[in-house]
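A.B. asks: Quick one: sequence plus predicted model below, questions after.
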Amino acid sequence: MWPRSIAGIFLGLLISISLILNLVQLLPLAQDVKLLIGLLTAFVLWGGIMTYCYYSQSIGRASLNCAGLLVVSGLLNAALLYGNI
């Protein structure tokens, strides 16, 4: 139980930050509205990812799925930050 929980805490935090960064870069709203949406959505997303990791069969499966999502989100972050999208 503890290994899955630890994976959910750390990987969930990284995925949540990465996905919310993508969302904030794509939203055409004022900065304060983006911040509020990002804060509220990040907490819910982090809780959902932690729950997914906790209910996975093993730490390997949870970590592999979360790492794959983190890589995809990180590549999108890099494309949005350094590209002209």
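C.D. replies: The structure has been received and is ready for your questions.
A.B. asks: CA atoms for contacts and neighbours, from now on please.
C.D. replies: Noted.
A.B. asks: ok, for Ala42, nearest residue in space, not its chain neighbours?
C.D. replies: Take Ala42 and drop its neighbours on the chain: the residue closest to it by C-alpha to C-alpha, 6 or more residues apart in numbering is Ser16, 5.5 Å away.
A.B. asks: Could you report the neighbour count for that neighbour?
C.D. replies: 24 (other C-alpha atoms under 10 Å).
A.B. asks: show me the contacts for it.
C.D. replies: Counting by C-alpha atoms under 8 Å, 6 or more residues apart in numbering, Ser16 touches 42-43, 45-46.
A.B. asks: for these, which one is nearest Leu80?
C.D. replies: The shortest gap between Leu80 and any of those belongs to Ala42, at 18.9 Å (C-alpha to C-alpha).
A.B. asks: distance of that closest one from Ser58?
C.D. replies: With distances taken as C-alpha to C-alpha, to the nearest Å, Ala42 is found 25 Å from Ser58.
A.B. asks: more crowded one of the two?
C.D. replies: Between Ala42 and Ser58, counted using other C-alpha under 10 Å, the more crowded position is Ala42 (21 against 13).
A.B. asks: so that one touches Leu21, yeah?
C.D. replies: No: the pair Ala42 and Leu21 does not pass the contact test of C-alpha atoms under 8 Å, sitting 9.6 Å apart.
A.B. asks: which residues of this structure fall in helices?
C.D. replies: Using DSSP state H, the helices assigned to the chain run over residues 2-26, 31-55, 59-82.
A.B. asks: want to throw the ones you listed into JSON lines with mean pLDDT?
C.D. replies: Listed next are those as JSON lines, based on pLDDT from 0 to 100:
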{"stretch": "helix 2-26", "mean pLDDT": "88"}
{"stretch": "helix 31-55", "mean pLDDT": "90"}
{"stretch": "helix 59-82", "mean pLDDT": "90"}
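A.B. asks: Identify the residues contacting Val72.
C.D. replies: By C-alpha under 8 Å, 6+ apart, no residues touch Val72.
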